[in-house]
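In: Generate a structure from the sequence data that follows.
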Amino acid sequence: MGTQIIGIIIIVAICFGIFLICREVVLWYFKINKIIEGQIKTNTLLERILIQLGGSLDTKPESNVEVEDTNIYDWIDDKGRERRCTTKTAKNAGWTLLKK
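Out: Have a look, this model is predicted:
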């Protein structure tokens, strides 16, 4: 009975070792380790940018910069014609939003 338990433990240890070796080969072959390193660098740079803009990782940035809506929508101009343009252009011209 004791030798069977030792044999099972040895087989499990060998399988675990083979798993770790195969895992490293797969990570190396698909360059997953390099991809993760690149993502870590990107996250670090994004955190620096966030802090420079006055935000922190715990709260939303307190920047007054508004993101402009650059999508194209249908508007009605002063003469009743349908126009397709951005929100900024249409609001500057005083047009009415037809549909969004």
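
In: Residue 84 should be in a helix, yeah?
Out: No. Secondary structure of residue 84 (DSSP: H, G, I helix; E, B strand; the rest coil): strand, not part of a helix.

In: Quick check: closest non-adjacent residue to it.
Out: Spatial nearest neighbour of residue 84, excluding adjacent residues (C-beta to C-beta, 6 or more residues apart in numbering): residue 72 at 5.3 Å. Glycine gets a C-beta too; all of them are placed from N, C-alpha and C.

In: now the one you found: how far from residue 93?
Out: Counting by C-beta to C-beta, to the nearest Å, the gap from residue 72 to residue 93 is 14 Å.

In: Strands along the chain, start to end?
Out: Ranges of strands in the chain, per DSSP state E, are 72-76, 82-86, 96-99.

In: closest one to residue 30 among these?
Out: strand 72-76 (39.8 Å; C-beta to C-beta).

In: what packs against that closest one?
Out: strand 82-86, helix 87-93, strand 96-99 (3 or more C-beta pairs under 8 Å, 6 or more residues apart in numbering; DSSP states H and E).

In: Which one, of the ones you listed, ends up nearest to residue 36?
Out: Residue 36 lies closest, by C-beta to C-beta, to one member of the helices and strands packed on strand 72-76: strand 82-86, at 38.7 Å.

In: Can you dump the C-alpha atoms of the closest one in CSV for me?
Out: These are the backbone C-alpha positions of strand 82-86, laid out as CSV (Å, rounded to 0.1, in the frame of the first residue of the first chain):
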residue,chain,number,x,y,z
GLU,A,82,-31.2,67.0,-45.1
ARG,A,83,-27.4,67.2,-44.4
ARG,A,84,-25.0,64.6,-43.1
CYS,A,85,-22.3,66.1,-40.9
THR,A,86,-20.7,66.1,-37.4
